[in-house]
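S.K.: how would this look folded up:
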Amino acid sequence: MAPPVGLRPEGSAYSINYSSMAYVYILVSQKDQNRYIGSTINLEKRIKEHNSGKVISTRNRRPLNLFAYQEFGHLIDARSAEKKYKRSLGATLKAIDSGLMIKVSN
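M.R.: Predicted coordinates for the structure are as follows:
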């Protein structure tokens, strides 16, 4: 079991860089039109992982297109927004409509 975030040694297998640029993203499945919301510090790499079948939750829904994303200064903020958007479709739509999330495709 991984130690709590505050107790993880710098550079350990469990450490996460919470100070680099981070993203919340919405993918849409071409197969079933369902959406997936996630967060990452490397958006391009993460989308490739989803489309190559490396992510269990989206493996059977490929191919996936990036629908929208939002940038954050810290991963912890992106994770917080991800949880908020997963809980509330209204919050997600509001973020897109207000321009907080950048819409990429239809």
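S.K.: So what touches the longest helix along the chain?
M.R.: In the chain, taking DSSP state H as the definition, the longest helix is helix 75-87. Residues outside helix 75-87 that contact it (C-beta atoms under 8 Å, 6 or more residues apart in numbering) are 16-18, 20, 22-24, 26, 37-41, 70, 72, 91-92, 95. Quick note: C-beta positions are derived from backbone N, CA and C, even for glycine.
S.K.: 10 Å instead?
M.R.: 5, 16-26, 35-41, 68-72, 74, 91-96, 100-101 (C-beta atoms under 10 Å, 6 or more residues apart in numbering).
S.K.: Could you verify that residue 95 is part of a helix?
M.R.: Yes. Counting by DSSP: H, G, I helix; E, B strand; the rest coil, residue 95 is located in a helix.
S.K.: Quick check, pLDDT for it.
M.R.: pLDDT for residue 95: 96.
S.K.: cool, residue 20 as well?
M.R.: Turning to residue 20, the model gives it a pLDDT of 79.
S.K.: tell me the phi and psi of the closest residue to it other than its chain neighbours?
M.R.: Distances taken as C-beta to C-beta, 6 or more residues apart in numbering put residue 41 closest to residue 20, at 5.3 Å, once the chain neighbours are dropped. Main-chain dihedrals, residue 41, degrees, to the nearest 10: phi -100, psi -10.
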